[in-house]
Structures are given as structure tokens and as C-alpha cells.
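>>> generate coordinates for the sequence data below:
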Amino acid sequence: MKLNIGCGYNYLRGYVNLDASRDSLADKFMEAHQLGFDDGSAEEIKASQLIEHLGFFRTKYFLAECYRVLKDGGVLTLETPHIEKTFRPRGPRSGAGLGLRQRVSGDGAPLLLPGGTAERAAGRRRL
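Numbering: from 1, shown residues only. The predicted structure is shown next:
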């Protein structure tokens, strides 16, 4: 199964298109940080222009859900225009950040790394 999370009006054929908004082209309506799928059930997850709308803490839950739902060897592709703004911690515990780093893959596509290496971000599911 392939998931396109936060699809909005960007419907992708061959994917299960998901969005929280009923005003979208989604096949299923659900929150990105509460995915209603079994563990290890998706070979690919795409989320384009999504995480900047989730905020810091919901993004952490979203990434945990992606890890849970992805099969071993699965691929997670994230695209966001404002990575620094999205992951700027707020509040008294802001020193305990998410630990995300930004890298670029061999083809020039940006990868988000939750405290890991480029290999991990390329989809080995071992975040």
C-alpha cells in the first residue's frame, strides 16, 4: 500500500489519498498523526506540504506513526517549505528538540532525518 498523506487537492493514482479535511480529494479522512492502518502495512508514504501545518508536537506524533505504519524497507518522502520554522521548539522545555536535520539525497531531493543518517531517511524504516 502507498499513502499520500495530507493530499488536499493533489490526488495521486495508485495511492490511498488521506486528508483531515472533508474539503479535499481524499479517499479516506483522518488526522496525519493518528493513522488508522496496521503496523508495517505501507511500502511508501508521501507527505508534501503537510508537516508545516501540524506544528512541532503533532509532527513528532506523525513521524512516529509513519515509522509504525511503514514496512521494513519502506520509503518516507517529506516535503516542506519552512523546515526551520516548523521545528523551532517553543516553551520552557524547548531545549529538548526533535533532533531533525536536513540533508539532500543524491538526486538533490531534500531529506528529513529524525536524528539519523541519510540511509535511514531513505526509507529503511529504522528511524
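
>>> using the three-state scheme, assign F37.
The three-state label given to F37 by DSSP: H, G, I helix; E, B strand; the rest coil is coil.

>>> so what's it closest to, chain neighbours aside?
By the measure of Cβ to Cβ, 6 or more residues apart in numbering, the closest residue to F37 outside its immediate chain neighbours is V69, 4.9 Å from it. C-beta coordinates here come from the backbone N, C-alpha and C atoms, glycine included.

>>> for that neighbour, give its distance to Q49.
Plainly put, V69 is 20 Å away from Q49 if you go by Cβ to Cβ, to the nearest Å.

>>> I figured the residue nearest to F37 hits A42, correct?
Yes. Here V69 reaches A42: they are 4.9 Å apart, a contact under Cβ atoms under 8 Å.

>>> so what sits against both of these two?
Common contact partners of V69 and A42 (Cβ atoms under 8 Å, 6 or more residues apart in numbering): L3.

>>> neighbours of V69, just the number please.
Using other Cβ atoms under 10 Å, V69 is surrounded by 22 other residues.
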